[in-house]
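Participant: With the input below, show me the fold.
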Amino acid sequence: MRTISSRHNPVVAAFRALAATPDPSGHRVLLDGAHLVGEALDAGLGFEVILVSASRSAAHNEAGRLAREIEQRGLPLVEADERAFDAISPVRSPSGIAAIALRTATEPASLCERPDAFVLVVADVQDPGNVGALLRSAEAGGVTGAFVTGASANPFSWKALRGSMGSALRLPTVTGVAADRIMSEMRQAGMRTIASVARGGSDPDAASWRGRVGLWIGGEGQGLADGIVERCDERVTIPMAPQVESLNAAVAGALLVYAARRQRT
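Facilitator: Residues are numbered from 1 along each chain as shown. Okay, here's the model as predicted:
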């Protein structure tokens, strides 16, 4: 295992660049911490490089054990001294292990073609933590794939990946596809489309969630664009006390995914 000690090393520069500007395609993703690196390992992702801090590589903790497993597998593991590692970690308290993993892109049409397709569309959700939490709830609730579109945060940024706790590495997720094309793909696949709206929709438990379904969730504050809502087959509204205007996008998404799950399982 080679060791780097300079903050100006090209490996350090690669991590810093990806932390500052996530890959829009989601092919190269920055993972910080033993949990996410381990999830990527279990998911069979490839790795460009894995970096472990010198103080953790031989330690009897999660990062140390993972580093030794990675080394035994012959993966591209590099050791860094504390100054170099601190320079690459995007978090305030570095975890001791980080990686640049390599994802394989998912074809948009493949999300809608499954006989059991239950697809989440995250539209204009700008907070990366909310995007990550939506994908985590989606995977837990039986969603088969997700589109992240419009002004939404990149689901493969390091903040969103931490929010998804690894779900974005497993759940087929497509970015960079316009909402109009997503709707067209759903129409061609014969999917029913359901829009989440703050007022005026049916109770989620009264909606029909069986068969091929596309659930659309809008951004914080403004919700879904009117043009999208008008094109959806059905609208659902989560019952709330009158004085509450709306729910957090991630919370609303989780409630609706589980309303669907009650019918689909």
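Participant: Might you report the residue contacts of the residue nearest to residue 48 when sequence neighbours are not counted?
Facilitator: Nearest residue to residue 48 in three dimensions, chain neighbours excluded: residue 100, at 4.2 Å (Cβ to Cβ, 6 or more residues apart in numbering). For glycine as for every other residue, the C-beta is placed from the backbone atoms N, C-alpha and C. Counting by Cβ atoms under 8 Å, 6 or more residues apart in numbering, residue 100 touches 14, 15, 18, 28, 29, 30, 31, 47, 48, 49, 50.
Participant: Does residue 260 touch residue 118 like I think?
Facilitator: Yes - assessed by Cβ atoms under 8 Å, residue 260 is found in contact with residue 118 at 6.5 Å.
Participant: Okay, now the unreliable bits of this protein?
Facilitator: For the chain, the stretches with pLDDT under 70 are 1, 58-59.
Participant: where does the most centrally placed residue in it fall, helix, sheet strand or coil?
Facilitator: The chain has residue 168 as the residue nearest its centroid, 3.5 Å off, counting by Cα atoms, centre = their mean. The assignment at residue 168 comes out as helix when based on DSSP: H, G, I helix; E, B strand; the rest coil.
Participant: Contacts only, for it.
Facilitator: 132, 135, 155, 156, 160, 161.
Participant: Now do it against residue 120, distance only.
Facilitator: 12 Å (Cβ to Cβ, to the nearest Å).
Participant: Could you do residue 130 as well?
Facilitator: 13 Å.
Participant: These two: which has the busier surroundings?
Facilitator: residue 120 (28 against 24; other Cβ atoms under 10 Å).
Participant: isn't there a helix covering that one?
Facilitator: No - Residue 120 sits outside any helix when classified using three-state DSSP, being strand.
Participant: Find the residues that touch each one of residue 260 and residue 118.
Facilitator: Between them, residue 260 and residue 118 share these contacting residues under Cβ under 8 Å, 6+ apart: 142, 209, 213, 215.
Participant: contact partners of the one helix or strand residue 31 maps to?
Facilitator: Secondary structure assignment for residue 31, by DSSP states H and E: strand 28-32. Under the contact criterion Cβ under 8 Å, 6+ apart, strand 28-32 has outside partners 15, 18-19, 22-23, 37, 39-40, 48, 89-91, 94-95, 98-103, 156-158, 161-162, 169.
Participant: Okay, strands next: where are they in the stretch 151-265 of the chain?
Facilitator: Ranges of strands within the stretch 151-265 of the chain are 173-175, 192-196, 213-217, 234-236, based on DSSP state E, counting those that start in this stretch.
Participant: most packed of those strands?
Facilitator: The highest mean neighbour count among these, using mean count of other Cβ atoms under 10 Å, belongs to strand 213-217: a mean of 27.
Participant: For that one, enumerate the helices and strands it packs against.
Facilitator: The contact analysis (3 or more Cβ pairs under 8 Å, 6 or more residues apart in numbering; DSSP states H and E) places strand 213-217 against strand 118-123, strand 192-196, helix 249-264.
Participant: How far off centre is the last one?
Facilitator: So the one you mean is helix 249-264. Taking the mean C-alpha point of helix 249-264 and that of its whole chain, the gap between them comes to 17 Å (Cα atoms, centre = their mean, to the nearest Å).
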